[in-house]
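**Student:** Model the structure of this input:
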Amino acid sequence: MLALSRILARRLYHPSALEHQLAHSFAPLTYGPGSTQFKVLEHALNKHVPSYGFNERALVASLNDLDLGPSLLSVIGASNSPSFLNASPAVLELIKFHLVTKRYALTKELDPARTSSPAEPPALETLFHRRLELNKPIAPHLTQLLSSLSIPGEFLVQTALPELHRLSDDMVYFSKEPDANDFAWYSKRIALSCAFVSSELFMAQDRSANYADTFEFAAEKLHNVSKLGQYYNNTEEYMWYTLLMSVNLAKSQLTRS
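**Tutor:** Sure, this is the predicted structure:
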């Protein structure tokens, strides 16, 4: 009890759930839709990222639109550590905001906690394609996004991989996909994570009309996940190895592009 009181007594210099109770927060974000931080990031993601990409230029343009000072940049990303390639904490927060809010948008009408009349559970393929559809406005900047996500470091371990796992977990949980409680639980989600990373990488290079080739590629990946799920019983360690290899492959491909 004494240890907890000391933690609460110490002023934290970034938004933290230890300091106050947040209503309607988008976990793991530590701020809700009514906060200035949420409004700036949402405005930047919707209006300026499609044009400028995931960088400080998009954030500054958003701050100017909302009549806020550029000094808020240091507050927006205060909870993040800069990457060793000098990606600013504010830009990392913008990337995190994109990952989290798109995940919530995917299942908004399916979550009983967020709607009084949840929709009928869709097929896993429907949710997978719907999540890729949400990438269309920022598709020209997916190379930049995936490159930032795959850089080894704190952001990869604490944000990128956990969010990828949460997305896969949500897609299985809110779909009609049959579930399991043993190692197959891990295998299915990690295989789905690998399929999503591969599909985003393909989308980053896709020049077909309305990204038709991407969705064909994604359908084939999902078919492979389903087929492998019927014949293999991989251990959790092997699937994590596969995921990390996919992330490294994405990084190497983006380096060449």
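**Student:** What residues sit buried inside stretch 169-182?
**Tutor:** Neighbour counts over stretch 169-182 (16 or more other C-beta atoms under 10 Å) mark 169, 170, 171, 172, 174, 175, 177 as buried. Placement of C-beta: from N, CA and C, glycine included.
**Student:** In space, what's closest to the second one - neighbours in sequence excluded?
**Tutor:** Nearest residue to residue 170 in three dimensions, chain neighbours excluded: residue 107, at 5.3 Å (C-beta to C-beta, 6 or more residues apart in numbering).
**Student:** Report how many residues lie close to that neighbour.
**Tutor:** Neighbour count of residue 107, defined by other C-beta atoms under 10 Å: 22.
**Student:** in terms of contact, does residue 224 touch residue 192 like I think?
**Tutor:** No: in terms of C-beta atoms under 8 Å, residue 224 does not count as a neighbour of residue 192; the distance is 10.8 Å.
**Student:** Show me the shaky parts of the chain.
**Tutor:** Scanning the chain with the threshold set as pLDDT under 70 gives 1-25, 82-86, 179-184, 227-257.
**Student:** Mind splitting it into its structural domains?
**Tutor:** Domain assignment for the chain by automatic domain parsing gives 1-83, 107-257.
**Student:** need these in TSV with distance to residue 91, can you?
**Tutor:** Listed next are those as TSV, based on distance: least, C-beta to C-beta, whole Å:
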stretch	distance to residue 91
domain 1-83	6
domain 107-257	8
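**Student:** what's the closest of those domains to residue 97?
**Tutor:** Residue 97 lies closest to domain 1-83 among the domains of the chain, at 4.3 Å (C-beta to C-beta).
**Student:** Contacts for stretch 80-97, please.
**Tutor:** 29, 37-38, 41-42, 44-45, 49, 54-56, 58-59, 73-74, 76-79, 145, 148-149, 151, 153-155, 159, 163 (C-beta atoms under 8 Å, 6 or more residues apart in numbering).
**Student:** OK, contacts around residue 171?
**Tutor:** 106, 124, 127, 128, 131, 177, 192.
**Student:** Is residue 48 in contact with residue 63, as I believe?
**Tutor:** No: in this structure residue 48 lies outside contact range of residue 63 using C-beta under 8 Å: 10.1 Å.
**Student:** circling back to that earlier point, from the buried residues of stretch 169-182, which single one is nearest residue 214?
**Tutor:** Nearest to residue 214 out of the buried residues of stretch 169-182 is residue 171 (C-beta to C-beta; 16.8 Å).
**Student:** Assign that closest one to helix, strand or coil.
**Tutor:** helix (DSSP: H, G, I helix; E, B strand; the rest coil).
**Student:** and residue 95, how many neighbours?
**Tutor:** Neighbour count of residue 95, defined by other C-beta under 10 Å: 24.
**Student:** To clarify, my last question referred to residue 100.
**Tutor:** Neighbour count for residue 100, taken as other C-beta under 10 Å: 19.
**Student:** From the centroid of the chain, which residue is nearest?
**Tutor:** residue 99 (2.4 Å; C-alpha atoms, centre = their mean).
**Student:** separation between the closest residue to it other than its chain neighbours and residue 176?
**Tutor:** Using C-beta to C-beta, 6+ apart and skipping residues adjacent in sequence, the residue nearest residue 99 is residue 163, 4.4 Å away. Residue 163 sits 23 Å away from residue 176, going by C-beta to C-beta, to the nearest Å.
**Student:** And residue 150, by the same measure?
**Tutor:** According to C-beta to C-beta, residue 150 and residue 176 sit 31 Å apart.
**Student:** Likewise for residue 139?
**Tutor:** According to C-beta to C-beta, residue 139 and residue 176 sit 28 Å apart.
**Student:** What is the biggest helix by length in the chain packed up against?
**Tutor:** Secondary structure of the chain per DSSP state H: the longest helix is helix 183-205. With contacts taken as 3 or more C-beta pairs under 8 Å, 6 or more residues apart in numbering; DSSP states H and E, helix 183-205 sits against helix 124-133, helix 142-149, helix 161-173, helix 212-231, helix 236-256.
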